[in-house]
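Enquirer: here are the coordinates; sequence isn't available:
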């Protein structure tokens, strides 16, 4: 059985009793064993170790527990009670008695830990090969790097072993692996998620990050994971009280900053360069204006991270081993960290003075923009290439990422294409601190405009094909009511192999009515040129061979006709015969069926 591992997919499977958390976790353990050569895990939880979390679900209501039965993976520099934290170094390992605040909040929300994942030792690296537990292999091509340091965390989600995972991101470790494994990677605002129970790499810059299959899931996890921690001196409150209000599908014109051609770096990867150019061209067709900015201050700030005194923080995190047992540290990691004990205080203050100037210059570049957009990484290296030039190539991986926490910005990595070689490519959306949900909303729009299969569960389509994934031998169907993702009749689409293509709105010429009768409660969509409004809808791509049986099951007064959507195009969709409106209620002002059902 193919399992939809998204949060909404699992909720639906649990609701219709086609799957239980116990069955899911047993399948994950079996699949993980078959993928042992990918070096994803440092500690995969046993059935006995997972049982207390399963038992706890009995006391939680699935309807009100946002992550009920959702499996997640944890980077092995974040504490899970009773399970060793190694930080990728056996000599460093300890067993915590309590979980980190973020992990505990997720468990309280119903999520179930799958295991602790492989990482670049001491979270020092962006490539996933710097581990005594073996290099973590890419989810799409075994010969390529996974990206790091949150290597196993990303691959576990891409391979269907977890719905989401926790990484950390000091220099790009929550974004580069997302790019290389076709995932959304959220690097939250520094301090938005507690760092208690996180082994520091650079304590003043660290943040826990989130890997997910889509922006909806990333937002759901963020909502459960964020929160002020009085024990964490770097913790910061989210200034937006109503979390849900600030995430959705960003509509309307956007103005996005991009780099000039002479400041782009692809380090010889022609496939990545072509995928980036194609991504920009496709985004221009989505009412997005691209504005060139100057990347110079961002790049200069990025160089401070490893070429300036901040490497001293990495030295402090590993100092006991550096001083007493240096041979226990992975050689290339030791080479990077050991010099951190030398910079004098004068170097730190000089760097801080310059950083404040650069920070202002970077934020000035974002004025008037909805966000900045860059490639997430310039090149995807093979493992052999990375091992041959471990420091140079790792530095190249950080060209678009290393500045982020130094200048106090937040970002979302979002997949946009597969290269002609069949490898994932993506871009990163960047904004000021606390713009997390604004960026996730834009990422949602990007994912709807450039739909891709999630994770590595499907064969990738060529990046430069003009035909979107799911268009071949399929029919697009617009749904607006109980067939929406996660609602009572959505199974009628999923059992026929339909795939959610995008969230959008109708053209502003429709009225929606709640029809009499039910359950299931049903809407009636009527076109009205004079008083109509835009209505929230979804477009699903259903195999042509299944379309007839789907339509045959639609009861009167509903039927399938042509509906105009926000971009002016027309698609097949649910409409209502006027006679069916007797006894109905006009709910158009609410803007969509979900809003109506939430108000019932």
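Expert: That came through fine. Source: prediction; values computed, not measured.

Enquirer: got a list of contacts for the longest helix seen in the chain?
Expert: If you go by DSSP state H, the chain has its longest helix at helix 345-365. For helix 345-365, contacts defined as C-beta atoms under 8 Å, 6 or more residues apart in numbering pick out 257, 293-294, 297-298, 300-301, 304, 308-310, 312, 372, 403, 406-409, 432. To be clear about C-beta, it is placed using only N, CA and C from the backbone, and glycine gets the same treatment.

Enquirer: which of those fall in helices?
Expert: 297-298, 300-301, 304, 312.

Enquirer: which one of those sits closest to residue 202?
Expert: residue 312 (8.8 Å; C-beta to C-beta).

Enquirer: need the contact list for residue 234.
Expert: Contacts for residue 234 were tallied using C-beta under 8 Å, 6+ apart; they are 190-191, 195, 203-204.

Enquirer: okay if I get these as TSV plus pLDDT, distance to residue 275 and neighbour count?
Expert: Compiled in TSV, the contacts of residue 234 are given as follows (pLDDT from 0 to 100; distance: C-beta to C-beta, whole Å; neighbours: other C-beta atoms under 10 Å):
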residue	pLDDT	distance to residue 275	neighbour count
190	95	29	23
191	96	33	22
195	96	34	24
203	87	36	17
204	87	35	13
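
Enquirer: and the pLDDT for residue 240?
Expert: What the model reports as pLDDT for residue 240 is 69.

Enquirer: for residue 577, give me the pLDDT.
Expert: Value for residue 577, per-residue pLDDT: 86.

Enquirer: name the nearest residue to it, ignoring sequence neighbours.
Expert: residue 557 (4.0 Å; C-beta to C-beta, 6 or more residues apart in numbering).

Enquirer: ok, the one you found to residue 253 distance?
Expert: Counting by C-beta to C-beta, to the nearest Å, the separation of residue 557 from residue 253 is 37 Å.

Enquirer: neighbour-wise, which of those two wins?
Expert: Ranked by neighbour count (other C-beta atoms under 10 Å), residue 557 and residue 253 place residue 557 first, with 17 against 9.

Enquirer: run through the residues that contact the more buried one.
Expert: Counted by C-beta under 8 Å, 6+ apart, residue 557 has contacts 515, 524, 576-577, 579-580.

Enquirer: ok, of the residues you listed, which come out buried?
Expert: Buried residues within the contacts of residue 557, counting neighbours by 16 or more other C-beta atoms under 10 Å: 515, 524, 576, 580.

Enquirer: save the residues you listed as JSON lines, and put in secondary structure and distance to residue 78 too.
Expert: Formatted as JSON lines, the buried ones among the contacts of residue 557 follow (DSSP: H, G, I helix; E, B strand; the rest coil; distance: C-beta to C-beta, whole Å):
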{"residue": "515", "secondary structure": "coil", "distance to residue 78": "49"}
{"residue": "524", "secondary structure": "strand", "distance to residue 78": "49"}
{"residue": "576", "secondary structure": "strand", "distance to residue 78": "50"}
{"residue": "580", "secondary structure": "helix", "distance to residue 78": "54"}
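
Enquirer: now, the most widely separated pair of those?
Expert: 515 and 576 (7.3 Å).

Enquirer: if we can go back for a sec, how about the contacts of residue 557 in CSV, adding distance to residue 158?
Expert: As requested, the contacts of residue 557 are exported to CSV (distance: C-beta to C-beta, whole Å):
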residue, distance to residue 158
515, 42
524, 41
576, 41
577, 45
579, 50
580, 45
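
Enquirer: and the gap between the nearest residue to residue 198 once chain neighbours are set aside and residue 167?
Expert: Closest residue in space to residue 198, ignoring its immediate chain neighbours: residue 78 at 5.3 Å, by C-beta to C-beta, 6+ apart. Distance of residue 78 to residue 167, given as C-beta to C-beta: 9 Å.

Enquirer: now the common contact residues for those two.
Expert: residue 208.

Enquirer: which one of these two has more residues nearby?
Expert: residue 167 (34 against 25).

Enquirer: got the phi/psi numbers for the more buried one?
Expert: Residue 167 adopts backbone torsions of phi -120, psi -170, taken as degrees, to the nearest 10.

Enquirer: where do the strands of the stretch 1-150 of the chain begin and end?
Expert: Here the stretch 1-150 of the chain has its strands, by DSSP state E, counting those that start in this stretch, at 41-44, 71-75, 112-117.

Enquirer: where are the low-confidence patches of the protein?
Expert: Along the chain, the model assigns pLDDT under 70 to residues 1, 240-245, 306-308, 310, 315, 317, 338, 340-341, 457-473.

Enquirer: can you give me the strands in the stretch 451-600 of the chain?
Expert: 474-479, 499-505, 510-514, 523-527, 536-543, 558-564, 570-576, 585-586.

Enquirer: got CSV for those strands, with distance to residue 354 too?
Expert: Converted to CSV, those look like this (distance: least, C-beta to C-beta, whole Å):
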stretch, distance to residue 354
strand 474-479, 53
strand 499-505, 43
strand 510-514, 55
strand 523-527, 58
strand 536-543, 47
strand 558-564, 54
strand 570-576, 53
strand 585-586, 60
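
Enquirer: show me what contacts residue 380?
Expert: With C-beta under 8 Å, 6+ apart, residue 380 has these contacts: 138, 144-145, 179-180, 269, 272, 423-425.

Enquirer: so which of those residues comes closest to residue 477?
Expert: When these are compared against residue 477 (criterion: C-beta to C-beta), the nearest one is residue 424, at 27.8 Å.

Enquirer: about what we covered before: now list the buried members of the contacts of helix 345-365.
Expert: 257, 293, 297-298, 300-301, 304, 308-310, 312, 372, 403, 406-409, 432.

Enquirer: shared neighbours, residue 515 and residue 576?
Expert: Counting by C-beta under 8 Å, 6+ apart, the residues touching both residue 515 and residue 576 are 523-524, 557.

Enquirer: so residue 203 touches residue 313, yeah?
Expert: Yes - with contacts counted by C-beta atoms under 8 Å, residue 203 reaches residue 313, the gap being 5.9 Å.

Enquirer: common neighbours of these two, please.
Expert: By C-beta under 8 Å, 6+ apart, no residue touches both residue 203 and residue 313.

Enquirer: helix, strand or coil: sort out the nearest residue to residue 267 once chain neighbours are set aside for me.
Expert: Using C-beta to C-beta, 6+ apart and skipping the chain neighbours, the partner closest in space to residue 267 is residue 379 (4.3 Å). What DSSP: H, G, I helix; E, B strand; the rest coil gives for residue 379 is coil.

Enquirer: near residue 379, how many other residues are there?
Expert: Neighbours of residue 379 (other C-beta under 10 Å): 19.

Enquirer: ok, it - contacts?
Expert: Here residue 379 is in contact with 266-269, 272, 393, 396-397 (C-beta under 8 Å, 6+ apart).

Enquirer: one more time with 7 Å
Expert: Residue 379 makes contacts with 266-269, 272, 396, as judged by C-beta atoms under 7 Å, 6 or more residues apart in numbering.

Enquirer: returning to what we had before: just the contacts of residue 557 now: which is nearest residue 173?
Expert: residue 524 (49.3 Å).

Enquirer: was I right about the closest one contacting residue 578?
Expert: No - with contact defined as C-beta atoms under 7 Å, residue 524 does not count as touching residue 578 (8.8 Å).

Enquirer: contact partners of stretch 198-206?
Expert: 77-78, 85, 87, 100, 122-124, 168, 170, 190, 195, 208, 234, 310, 313-314, 317, 405-406.

Enquirer: so which residues of the stretch 201-350 of the chain form helices?
Expert: 215-225, 270-284, 296-307, 311-324, 331-337, 345-365 (DSSP state H, counting those that start in this stretch).

Enquirer: any chance of those in a markdown table, plus distance to residue 389?
Expert: Below are these laid out as a markdown table (distance: least, C-beta to C-beta, whole Å):
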| stretch | distance to residue 389 |
| --- | --- |
| helix 215-225 | 33 |
| helix 270-284 | 17 |
| helix 296-307 | 15 |
| helix 311-324 | 20 |
| helix 331-337 | 11 |
| helix 345-365 | 27 |
